[in-house]
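> I'd like to go over a predicted model; first the sequence, then the structure.
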Amino acid sequence: MKLIVLLLIFPVLCFGQTTIKGKVINKRTKDAIPFATVGLIKENIGTNAVEDGSFQIRSIKPILNDTLIISCLGFVTLKLSISDLKKGENVFELLEQQTILDEVTVKSRTNWKYETLNDFSDCGNHFITSSGYQTQIAQHLQALEYNSILSEVKICRMSSFLIGPEKTIFRIRIYDIDSLTKSPAADLCDQIIEVKTRSKTITVNLEKYKIRIPNKDFFVAVEWLKIPYNESKSTIKINGKESEHITYRPSIGWTKNPNPQMEAWMLDYKNIWRKMFKSSIRTSVSISAKVKY
């Protein structure tokens, strides 16, 4: 069976690149912040810091009037004009986020009702990956009851008959819904949920995080980490010339059960969420959730 991978819009490499280098640290502790998301807002490109907090971005456009944006769960997002950066490597200090979510008390009981949302039978043969402008993919879900508790998340990713899924590391984010735009809004979990796996179907138990879904509608997102560990390299032709092309694991499957009311959304380096699909054939991705109430 032919595997078809949708490659999101990717940047074309050209001469005259400018490289921005830096390190992201916690302003209070001075510790490195691994996997912080770093991007250029106008050019809409970016990367992630590696384990020691260091990063570099290669820009293909004049960037003096651009803005560098650095974010990570648990920290206040930092924005800086490129013209204000020093030459060479810069150190960027992020303030810890002081907003604390309401503590959720989950009472011990034996008569929980469980519901699986956006359930899927298999991954299919169409997948979504990121190679350029997208940082997260989020699936819109809807529980039957208000204040449900999120129990687990299941995600299906690309593999082949001959080769098993490659290693990957990514993060899971849980979002409330914006009442006006119907897009992902505030984080519903203030702890980092990080997954490292080689599995095709990943089931993550979230009971220990005690994530309460205040509204019926919410989003489960996969946050891509654009680091060497996740790179998949291939050669493509651009204007008749071969060029190396890099995508980042995991590649997420499409579901076979379209539901226009429960569409997937994408987040870019401009920090803007957009609906992903306009087709009535495929609207959702292979991200399901089990809630209890």
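Here it is on my side, so go on. Note that this is a predicted model, so its numbers are computed, not measured. Numbering: from 1, shown residues only.
> Give me the pLDDT for the closest residue in space to Asn118 that isn't next to it in sequence.
Spatial nearest neighbour of Asn118, excluding adjacent residues (CB to CB, 6 or more residues apart in numbering): Ser288 at 4.5 Å. Bear in mind the C-beta positions are built from the backbone N, C-alpha and C, glycine included. For Ser288, the pLDDT comes out at 95.
> Show me which parts of stretch 182-200 are buried, residue by residue.
Within stretch 182-200, the residues scored as buried using 16 or more other CB atoms under 10 Å are 183-185, 187-189, 193, 195, 197, 200.
> Also stretch 46-66?
46-50, 53, 55, 57, 59, 63, 66.
> ok, and what's touching it?
By CB atoms under 8 Å, 6 or more residues apart in numbering, the surrounding residues in contact with stretch 46-66 are 11-14, 16-25, 32-43, 45, 69, 81-83, 135, 225-228, 269.
> Just the buried ones from these?
Buried subset of the contacts of stretch 46-66 (neighbour count, 16+ other CB under 10 Å): 11, 20, 22-25, 32-41, 43, 45, 69, 82, 135, 225-227, 269.
> before we move on, the earlier item: return the residues in contact with the residue nearest to Asn118.
Ser288 neighbours (CB under 8 Å, 6+ apart): 116-120, 139, 141, 153-155.
> just Glu242 next, same as before
235-236.
> Where does it sit: helix, strand or coil?
With DSSP: H, G, I helix; E, B strand; the rest coil as the basis, the three-state label of Glu242 is strand.
> Same check on Lys86?
coil.
> Report how many residues lie close to it.
For Lys86, the neighbour count with other CB atoms under 10 Å is 8.
> now the stretch 101-250 of the chain, which segments are flagged as low pLDDT?
For the stretch 101-250 of the chain, the stretches with pLDDT under 70 are 101-108, 159-164, 237-238.
> Follow the chain on from the strand or helix carrying Gly253 and name the next helix or strand.
Per DSSP states H and E, Gly253 falls inside strand 241-253. Of the helices and strands lying after strand 241-253 in sequence (DSSP H and E), the nearest is strand 264-268.
> gap between Ala157 and Gly253?
In this structure residue 157 is Arg, not Ala. 7 Å (CB to CB, to the nearest Å).
> Can you tell me how far Phe120 is from Ile155?
10 Å.
> Spell out which residues are contacts of both of those two.
With CB under 8 Å, 6+ apart as the test, Phe120 and Ile155 both reach 286, 288.
> Please say which of those two ends up with more neighbours.
Neighbour count, other CB under 10 Å: between Phe120 and Ile155, Ile155 has more, with 27 against 21.
> Name the SS class of that one, please.
Classified using three-state DSSP, Ile155 is strand.
> mind listing what Leu144 touches?
Leu144 touches 115, 216, 293, counting by CB under 8 Å, 6+ apart.
> quick check, nearest of those to Lys87?
Ranked by distance to Lys87 (CB to CB), those are led by Lys216 at 51.6 Å.
> what's around the closest residue to Arg198 other than its chain neighbours, how many residues?
Once flanking residues are discounted, Arg198 sits nearest to Lys167: 5.1 Å by CB to CB, 6+ apart. Neighbour count for Lys167, taken as other CB under 10 Å: 12.
> if I read this right, Lys167 contacts Val195, doesn't it?
No. If you go by CB atoms under 8 Å, Lys167 and Val195 don't touch, sitting 11.3 Å apart.
> Based on its surroundings, how many neighbours for Lys216?
Lys216 - counted by other CB under 10 Å - has 15 other residues nearby.
> How far does stretch 171-179 sit from its chain's centre?
The chain centroid and the centroid of stretch 171-179 are separated by 11 Å under CA atoms, centre = their mean, to the nearest Å.
> And the contacts of it?
By CB under 8 Å, 6+ apart, stretch 171-179 touches 35, 73, 136, 138, 140, 150, 153, 183-189, 192-195, 204, 211, 213-215, 217-223, 225.
> start to end distance for stretch 117-135?
Distance across stretch 117-135, first residue to last, is 23 Å (CA to CA, to the nearest Å).
> quick one on the thing from earlier: ok, the buried residues of stretch 182-200 vs Thr235, which is closest?
Lys200 (25.5 Å).
> give the contact list for the residue nearest to Arg198.
Applying CB under 8 Å, 6+ apart to Lys167 gives the contacts 196-198, 229, 249.
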